[in-house]
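Trainee: turn this into a model:
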Amino acid sequence: MMPPTPSARNHSSRRPAAGRATTAAAVATALLLAALPCRSQTAGTRTAGARAAAGTRIVSTGPVKVRLWSEKGKWDAVLVGRTETHVQGAPDASGGAPRHEIAQITGAAFPIEYNRFEVMRALHHQDWATAIRLQYKAYEPYFPYLDLPNNNAAEGALELGTTMLRAATRSQREAAGEADRERTRKQFESAYAVFQHCSKATWSSVGLLGSLKGCRCLIGMGKTRAAWFELRSLEEPVPGDAAYGHYWLIQAELHMLTNGYASAMEASVKSLCFENKDVETFPDALLISARCYEALGEPYRARDVYYEVARLFPRTDWSAAATARLRAIMDSGVTREAEATTVESAFLGIDEDMNALVRAYLADQKKPPAATEEETESAVVDREAPAAGR
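Mentor: So this is what the prediction gives:
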């Protein structure tokens, strides 16, 4: 038998090493694959355990009186905390602490007490600070329980958040320095926190409205990306829904902030045309459409819309904003020349000198405002009003 050649010896000596390496790799792979399901199962068990622990962890609150309803009847309780699925009652005479499953609750009534007359008067005079002070103290204890079905605090909490949003918007418009802008940001943050509580009331339109108005707060805080993500996570309302105008108004605001004026105009038109002229959205949508007209090189249309907003909503923040833009347009002279064909003359046969109307309106704004019949009546009623805090 001939001895193997050197090349043959080298080849035969490498094969066992390669075989051992392949076998070792196969064994290691098998062990790794065998371990993966175990690791996945362990991780899943830990996640499920953490989720279960979070669901059963009691979040304590101040004692809150409430009357609860279920299919079995009604009863009075004092709530001192909650989990994701239950509300925790205060200890009874026997020392037991009753728990009530939220899924079984069909209604809840809280004893909400505050001077409603004072709040109405403050809102009438746009005294946002007074209205917020009175309402926040009344509704804050019930924030953790707004998800209870058919409770009587959700609507009021949403109104409170809306007033806080209006106050922040006014502060933003009037901010003159960094300190003012920081105060405005905190106002938006406070309003956002209230709307976050409202968004949990998914049993009614309050939930979606809370989420949408929270998006407006995010915009006010300069968090436009977060507002986009939040808006896209929500289901688009249908025409006639209470949230429809708000949804498209926020779309318009976000598009306008990114210079998408054509898209902003389209969204504002949807908010205007398909909404039931809700005073919370209608004036803002008109103002956005006017700003879009300005940006798109249509100063005559912008002038007309600003003029209508200023006239339709006198002595409001909307009117103040529209009047300021009207002055800027008139001072710039971009509408000095009369239009060849106006919208009114083309479609309605009306030929008015809009520049003359606007100048007359602006001149009238320099005069001290006369008391309206409504304000005169309010002054008489004020003398008979109950004392604050009652």
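Trainee: distance between stretch 106-119 and the chain's centre?
Mentor: Taking the mean C-alpha point of stretch 106-119 and that of its whole chain, the gap between them comes to 23 Å (CA atoms, centre = their mean, to the nearest Å).
Trainee: just checking, Y300 touches A338?
Mentor: No. At 9.4 Å, Y300 and A338 do not qualify as touching, with contact defined as CB atoms under 8 Å. Placement of C-beta: from N, CA and C, glycine included.
Trainee: look at those two and report which has more neighbours.
Mentor: The neighbour comparison of Y300 against A338 (other CB atoms under 10 Å) goes to Y300, with 18 against 10.
Trainee: doesn't the more buried one belong to a helix?
Mentor: Yes. Counting by DSSP: H, G, I helix; E, B strand; the rest coil, Y300 is found in a helix.
Trainee: any idea of the pLDDT on the spatially closest residue to W69 that is not a sequence neighbour?
Mentor: Closest residue to W69 in three dimensions, ignoring its sequence neighbours and counting by CB to CB, 6 or more residues apart in numbering: G107, at 3.7 Å. What the model reports for G107 is a pLDDT of 98.
Trainee: now G107: how far from A340?
Mentor: Distance of G107 to A340, given as CB to CB, to the nearest Å: 63 Å.
Trainee: more neighbours: these two, which one.
Mentor: G107 (14 against 6).
Trainee: check the secondary structure at that one for me.
Mentor: strand.
Trainee: and it, what is it in contact with?
Mentor: L68, W69, K74, P149, N150, N151 (CB atoms under 8 Å, 6 or more residues apart in numbering).
Trainee: how about 10 Å then?
Mentor: Each residue near G107 by CB atoms under 10 Å, 6 or more residues apart in numbering is listed here: R67, L68, W69, S70, K74, L148, P149, N150, N151, N152.
Trainee: of all the residues you listed, which two lie farthest apart?
Mentor: Greatest spatial distance among the contacts of G107 (CB to CB): S70 and N152, at 16.3 Å.
Trainee: now do the SS call for V64.
Mentor: Assignment for V64 (three-state DSSP): strand.
Trainee: residue numbering should commence at 51 henceforth.
Mentor: Right, with 51 as the first residue, what we last looked at is V114.
Trainee: that one touches D126, doesn't it?
Mentor: No. Counting by CB atoms under 10 Å, V114 stays clear of D126, with 11.6 Å between them.
Trainee: what about the two, which has more around it?
Mentor: V114 (21 against 9).
Trainee: now the helices for the stretch 301-440 of the chain?
Mentor: Per DSSP state H, counting those that start in this stretch, the stretch 301-440 of the chain carries helices over the ranges 311-323, 332-345, 349-362, 367-382, 393-397, 404-415, 423-432.
Trainee: mean confidence score for the fifth one?
Mentor: Throughout helix 393-397, pLDDT has a mean value of 53.
Trainee: over to the third one?
Mentor: Per-residue pLDDT values over helix 349-362 give a mean of 95.
Trainee: buried residues in it, which are they?
Mentor: For helix 349-362, the neighbour count (16 or more other CB atoms under 10 Å) marks Y350, R351, A352, R353, D354, V355, Y356, Y357, V359, A360 as buried.
Trainee: what does the longest one give?
Mentor: Of all the residues in helix 367-382, those buried under the rule 16+ other CB under 10 Å are D367, W368, S369, A370, A371, A372, T373, R375, L376, I379, M380.
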